[in-house]
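1. sequence and computational prediction follow.
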Amino acid sequence: MIEGRRVCAGWFVANQNLFLSIARLVYCFDFHSVPGAPIPIGRPLPMSSATAPFQVKITVRSPEHEALIRRESASAVIQ
Ligand code: HEM
């Protein structure tokens, strides 16, 4: 994104948003592989979102984390 014919004007915005989003997901949720459906490693993920690249079970880490998510979500709503 830094190199190429045109420089992406939103690189830093996108980078910071991705960092914050991924950090929040990792902080609030547990990610488990699904029995019988191993997560493939050693090859790049497809660039398309048309098909899910693998199955994963995602659960909220605790009731306190759920309360945090609900509180933050409520305050993010535009009234
Ligand atoms: C993960 C997110 C993003 C990706 C993968 C991405 C990717 C790209 C790519 C590949 C280009 C074209 C570069 C080239 O022509 O060689 C581009 C251009 C551009 N991007 Fe992004 N971008 C992202 C986020 C953003 C965001 C958040 C903004 C604005 C807030 C933005 C604004 C722009 C603009 C204005 C251009 C055109 C720059 C120019 O032609 O002078 N991008 N982006």
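-> All right, it came through fine.

2. show me the shaky parts of this protein.
-> Within the chain, the stretches with pLDDT under 70 are 1-4, 79.

3. show me where it has strands.
-> 29-32, 57-60 (DSSP state E).

4. dump these to JSON lines, plus mean neighbour count and distance to the ligand.
-> Just so you know, the C-beta spots here come from the backbone N, C-alpha and C atoms, and that holds for glycine as well. Converted to JSON lines, these look like this (neighbours: other CB atoms under 10 Å; distance: least, CB to the nearest ligand atom, whole Å):
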{"stretch": "strand 29-32", "mean neighbour count": "12", "distance to the ligand": "21"}
{"stretch": "strand 57-60", "mean neighbour count": "11", "distance to the ligand": "22"}
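
5. just the helices in the protein please.
-> Secondary structure of the chain by DSSP state H: the helices cover 11-28, 63-76.

6. just the CA coordinates for the last one, please, in CSV.
-> So that's helix 63-76. Presented in CSV, the C-alpha positions along helix 63-76 are these (Å, rounded to 0.1, in the frame of the first residue of the first chain):
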residue,chain,number,x,y,z
PRO,A,63,-19.7,-12.1,31.7
GLU,A,64,-17.5,-9.1,32.5
HIS,A,65,-16.3,-8.9,28.9
GLU,A,66,-19.9,-9.3,27.7
ALA,A,67,-20.9,-6.3,29.9
LEU,A,68,-18.0,-4.3,28.6
ILE,A,69,-19.0,-5.1,24.9
ARG,A,70,-22.6,-4.1,25.6
ARG,A,71,-21.6,-0.9,27.4
GLU,A,72,-19.2,0.2,24.7
SER,A,73,-21.7,-0.8,21.9
ALA,A,74,-24.5,1.2,23.6
SER,A,75,-22.3,4.3,23.9
ALA,A,76,-21.3,4.0,20.2
